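Enquirer: Give me coordinates for this.
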Amino acid sequence: MEAIVHKKGDSFNKVIRVRTKTWNEDTEVYDYAAVDITDATIFFMIKENQDDDDDDALLNKVITSHTTPLSGLSATACAAAIMDFAVCSEGESYYGEFQILDAAGDVMSSETFAWKQVQDIVQRIV
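Expert: You can find the predicted model right below:
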């Protein structure tokens, strides 16, 4: 995943699709199949430093209700108020991760990415 660039204080929404990827020898392409995430928990976390404690994360969102769980679809919706953490320094970014745990607490999937928080240009309230 490429770096996510986000304007400080704006809301953030992302659809999360959980699926398996297997190589099909006959067609020589990958086959994708949805993963049932009915009882899964998705953690969306952003940290200033990778080794920071989870309690010190800039954002720590837990998602247990999914859009279409049998099709492996969920979404994260973060209100602007919780997205109002510090702007990254020039050329720097934060560390982000989506981690999906099954009902037993085992990691089904994990995706890390760079999170670039930038200052919003428009400062007036309409």
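Enquirer: rest of the way, CA atoms for contacts and neighbours
Expert: OK.
Enquirer: what's near enough to touch the residue minimising distance to the centre of the chain?
Expert: Centroid-nearest residue in the chain: Phe98, 4.1 Å away (criterion: C-alpha atoms, centre = their mean). Residues counted as contacts of Phe98 (C-alpha atoms under 8 Å, 6 or more residues apart in numbering) are Ile42, Phe43, Phe44, Met45, Ser110, Glu111, Thr112.
Enquirer: any idea which element the residue of the chain most remote from its centre lies in?
Expert: Largest separation from the mean C-alpha position in the chain: Asp26, at 33.8 Å (C-alpha atoms, centre = their mean). Secondary structure from DSSP states H and E places Asp26 outside every helix and strand.
Enquirer: again, but for the one 5 residues further on
Expert: Here Asp31, judged by DSSP H and E, is contained in strand 29-34.
Enquirer: Which other helices and strands does the following helix or strand past that strand contact?
Expert: The C-terminal neighbour of strand 29-34 among helices and strands, as given by DSSP H and E, is strand 41-47. Judged by 3 or more C-alpha pairs under 8 Å, 6 or more residues apart in numbering; DSSP states H and E, the packing partners of strand 41-47 are strand 59-63, strand 94-101.
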